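Asker: Okay, sequence plus prediction incoming.
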4 protein chains.
Amino acid sequence: MDEALAAAEAEQSHRHGYLHHKEDYVKRLRRIEGQARGLQRMVDEEKYCIDILTQVSAMTSALHAFSLALLEEHMAHCLVDAAAAGGPEADEKVAEAMAAIRRLVRS
Amino acid sequence: MDEALAAAEAEQSHRHGYLHHKEDYVKRLRRIEGQARGLQRMVDEEKYCIDILTQVSAMTSALHAFSLALLEEHMAHCLVDAAAAGGPEADEKVAEAMAAIRRLVRS
Amino acid sequence: MDEALAAAEAEQSHRHGYLHHKEDYVKRLRRIEGQARGLQRMVDEEKYCIDILTQVSAMTSALHAFSLALLEEHMAHCLVDAAAAGGPEADEKVAEAMAAIRRLVRS
Amino acid sequence: MDEALAAAEAEQSHRHGYLHHKEDYVKRLRRIEGQARGLQRMVDEEKYCIDILTQVSAMTSALHAFSLALLEEHMAHCLVDAAAAGGPEADEKVAEAMAAIRRLVRS
C-alpha cells in the first residue's frame, strides 16, 4: 500500500469512529424506517391518536439513542484524536460537537 | 342512514380529529421515512458524523412537529368533545393526553 | 355572599385549578430556589463541572415535573370547564395550552 | 512557588475550565434563583397558569444554556487536556461527558 493511500485511510478512520460499527448503525436506521412505515399504516387504518403518539415517542427515543451512540464514537475517536494531535483543530472539533449537542437538546 | 351507523360515525369523527387531514399526516410520515432512508445512505457512504447528526436532528424535529400537530387535533376534537359531553370520560381523556405529553417531553 | 362575589369566585376557581394545591406548588418552587442556591455554592467552591451538571439536570427535572403538574391541573379544570361551557373559548384554551406544550417540549 | 503547589494548580486549572468565568456563572445562577422567587410570587398572587408555565419555560431555557456553556468549557479544557496527555483518562472523560449529555437530553 503506498503512502498517500495509507494517509488517506488513516485520515478516514480518524474521522469516522462509527465505521467500525457501520452495519450496526445501518440496521438501527432500517428499524427506524420500519417504524415510519408502521406509523403510516396506523394513520391509514385510522388508529386512535394516543396510540399513534406512543409509537412516535418510541421512534423519537430510537433516534435519540442513535444520535447519542454516534456522538459518543465521534467524541471517543475524532475529538480525542484531534486533541492528541494538538493545534487549533481540537478547538474546532469541540465547537462543532457542541453545535451538534445543542441541536440534539433542542430537537 | 340508520341510527347505529350514524352513531358509529359520530363516535369515529369524535375520536379521530386527524381524519380530516389523514392524507396530510401520511405524507409527512412518508417524508420522514425518506429521511430514514437518506440517513442509511449517508452511513453507507461514510459521511462525516456531524453531518449525519445534523440530519438526525432534522428528522427528530419533523417527528416532534408531527406529534404536536396530532396532539393539537386530538385535544381540539376528542378531549373537547368528551368535556362537552360531561361525565368521567373527560378526566380520562386529560389523564391520557398528559401521559402522551410526558412521553413527548422525555422522548 | 352576594351574587357578584359568588360569580367572581366561580370564575377564579374555574381559571386556576392549581389554587387547591397552592401551598404545595410554592413549596416545590422553594425547593427549586434552594437548588439554585446550592449550585452557586458548588461553583463558588470550585466543584467538578460534571457534578455541577448533574445537579443542574436534577433541577431541570424538578422544573419539568412542576410544569407538567401545573399543566395537568390547567387542562383538568380550565380547559375542561371551557369545553363544557361550549363556545369559542374552548378553541382558544386548546391553542393556548398547545403553545405552552410547544414551549415545554423545546425548553 | 514550590513544585507540589504548581502541580496542584495545574491540575485544578486543568479540571475546571469554568474557573476563568466563575463570577459569570455565579451571576447566571443568581438570576435563575431570582426567577424561582418570581415564580413563587406568581403562584402566591394566583396568576394565570399559562403565564406561570411561560415563566417556567424561560427558567428551564436559562438552565439549559447554563449547562451547555459549562459543558463546552469542560470539553474545551478538561476533555481536550486529558486527550492531549494520552492514556486511559481520555476514555473516562468521554464516558463521563456522554453520561452528562444523556442526562441533559432527557432532563
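Answerer: Thanks, I have the structure now.

Asker: Look up phi and psi at A:His46.
Answerer: For residue A:46 the amino acid is Glu, not His. Per-residue torsions, A:Glu46: phi 60, psi 40 (degrees, to the nearest 10).

Asker: For A:Val105, give its distance to C:Arg106.
Answerer: With the distance defined as Cβ to Cβ, to the nearest Å, A:Val105 ends up 10 Å from C:Arg106. No exception for glycine: its C-beta is placed from N, CA and C like everyone else's.

Asker: Contacts (any at all) between chain C and stretch A:59-71?
Answerer: No - using Cβ under 8 Å from any Cβ of the partner chain, we find that stretch A:59-71 stays clear of chain C, coming within 10.5 Å at best.

Asker: And stretch A:100-107, by the same measure?
Answerer: Yes - looking at stretch A:100-107 against chain C by Cβ under 8 Å from any Cβ, the contacts come from A:Arg106.

Asker: So out of everything in chain A, what residue is nearest chain D?
Answerer: Nearest to chain D, among the residues of chain A, is A:Ala83, at 3.4 Å (Cβ to the nearest Cβ).

Asker: Please look at that residue and D:Glu89 and confirm they touch.
Answerer: No - at 11.7 Å, A:Ala83 does not count as touching D:Glu89 under the criterion of Cβ atoms under 8 Å.

Asker: Out of the helices and strands in chain A, which is least certain?
Answerer: Least confident helix or strand of chain A, by mean pLDDT, DSSP states H and E, is helix A:3-15 with a mean of 53.

Asker: higher neighbour count, A:Ala83 and D:Glu89?
Answerer: Set side by side, A:Ala83 and D:Glu89 show unequal neighbour counts under other Cβ atoms under 10 Å in any protein chain shown, the larger going to A:Ala83 at 26 against 14.

Asker: who's in contact with the more buried one?
Answerer: Contacts for A:Ala83 (Cβ atoms under 8 Å, 6 or more residues apart in numbering or on different chains) come out as A:Ala90, A:Lys93, D:Leu79, D:Val80, D:Asp81, D:Ala83, D:Ala84, D:Ala90.

Asker: before we move on, what about A:Lys22?
Answerer: For A:Lys22, the contacting residues are B:Val43, B:Asp44, B:Glu46, by Cβ under 8 Å, 6+ apart.

Asker: If we ignore the residues flanking it in sequence, what's nearest the second one?
Answerer: Meaning B:Asp44. If you skip the residues right next to it in sequence, B:Asp44 has A:Val26 as its closest partner in space, 6.2 Å away by Cβ to Cβ, 6 or more residues apart in numbering or on different chains.

Asker: picking up where we left off before, list the buried residues in the helix or strand the residue of chain A closest to chain D falls within.
Answerer: According to DSSP states H and E, A:Ala83 maps onto helix A:80-85. Along helix A:80-85, the positions that meet the burial threshold by neighbour count (16 or more other Cβ atoms under 10 Å in any protein chain shown) are A:Val80, A:Asp81, A:Ala82, A:Ala83.

Asker: As CSV, those with distance to C:Ala99 and pLDDT would be great.
Answerer: Formatted as CSV, the entries for the buried residues of helix A:80-85 read as follows, by distance: Cβ to Cβ, whole Å; pLDDT from 0 to 100:
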residue, distance to C:Ala99, pLDDT
A:Val80, 42, 94
A:Asp81, 45, 93
A:Ala82, 42, 93
A:Ala83, 43, 93
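
Asker: could you measure the residue of chain A closest to chain D against B:Met75, distance?
Answerer: As it turns out, when the distance is counted by Cβ to Cβ, A:Ala83 lies 49 Å from B:Met75.

Asker: What's the first helix or strand after the helix holding A:Ala83?
Answerer: Beyond helix A:80-85 in the direction of the C-terminus, DSSP H and E gives the next helix or strand as helix A:89-106.

Asker: looking at it, A:Leu63 is touching B:Ala58, isn't it?
Answerer: No - taking contact to mean Cβ under 8 Å, the distance of 10.5 Å between A:Leu63 and B:Ala58 leaves them out of contact.

Asker: Those two: which has the busier surroundings?
Answerer: Relative neighbour count places A:Leu63 above the other of A:Leu63 and B:Ala58, with 25 against 16, counting by other Cβ under 10 Å.

Asker: Quick one: residues contacting the more buried one.
Answerer: For A:Leu63, the set of contacting residues under the criterion of Cβ under 8 Å, 6+ apart consists of A:Ile32, B:Val56, B:Met59, B:Thr60, B:Leu63.

Asker: 10 Å instead?
Answerer: A:Leu63 makes contact with A:28-29, A:32, A:35, A:104, A:107, B:32, B:35-36, B:39, B:56-57, B:59-60, B:63, B:107, according to Cβ atoms under 10 Å, 6 or more residues apart in numbering or on different chains.

Asker: Distance from the helix or strand that it is a member of to the middle of the chain?
Answerer: Element membership for A:Leu63, per DSSP H and E: helix A:49-74. Averaging C-alpha coordinates over helix A:49-74 and over its chain gives two centres that are 11 Å apart (Cα atoms, centre = their mean, to the nearest Å).

Asker: cool, stretch A:82-94 as well?
Answerer: Centre to centre, stretch against its chain (Cα atoms, centre = their mean), the figure for stretch A:82-94 is 21 Å.

Asker: got it, and stretch A:45-65?
Answerer: Relative to its chain's centre, stretch A:45-65 lies at 20 Å (Cα atoms, centre = their mean).

Asker: Same question for that stretch: list its buried residues.
Answerer: Across stretch A:45-65, burial judged by 16+ other Cβ under 10 Å covers A:47, A:49-50, A:52-54, A:56-57, A:59-60, A:62-64.

Asker: What residues does chain A have near chain C?
Answerer: A:Val105, A:Arg106, A:Ser107 (Cβ under 10 Å from any Cβ of the partner chain).

Asker: And those, which is closest to chain B?
Answerer: Taking Cβ to the nearest Cβ as the measure, A:Ser107 is the one of the residues of chain A next to chain C closest to chain B, at 4.1 Å.

Asker: Give me the neighbour count for that closest one.
Answerer: For A:Ser107, the neighbour count with other Cβ under 10 Å is 22.

Asker: Throw the buried residues of stretch A:45-65 into TSV and include pLDDT, thanks.
Answerer: Compiled in TSV, the buried residues of stretch A:45-65 are given as follows (pLDDT from 0 to 100):
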residue	pLDDT
A:Lys47	95
A:Cys49	95
A:Ile50	96
A:Ile52	97
A:Leu53	97
A:Thr54	97
A:Val56	97
A:Ser57	96
A:Met59	97
A:Thr60	96
A:Ala62	97
A:Leu63	97
A:His64	96
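
Asker: Thanks a lot, see you next time.
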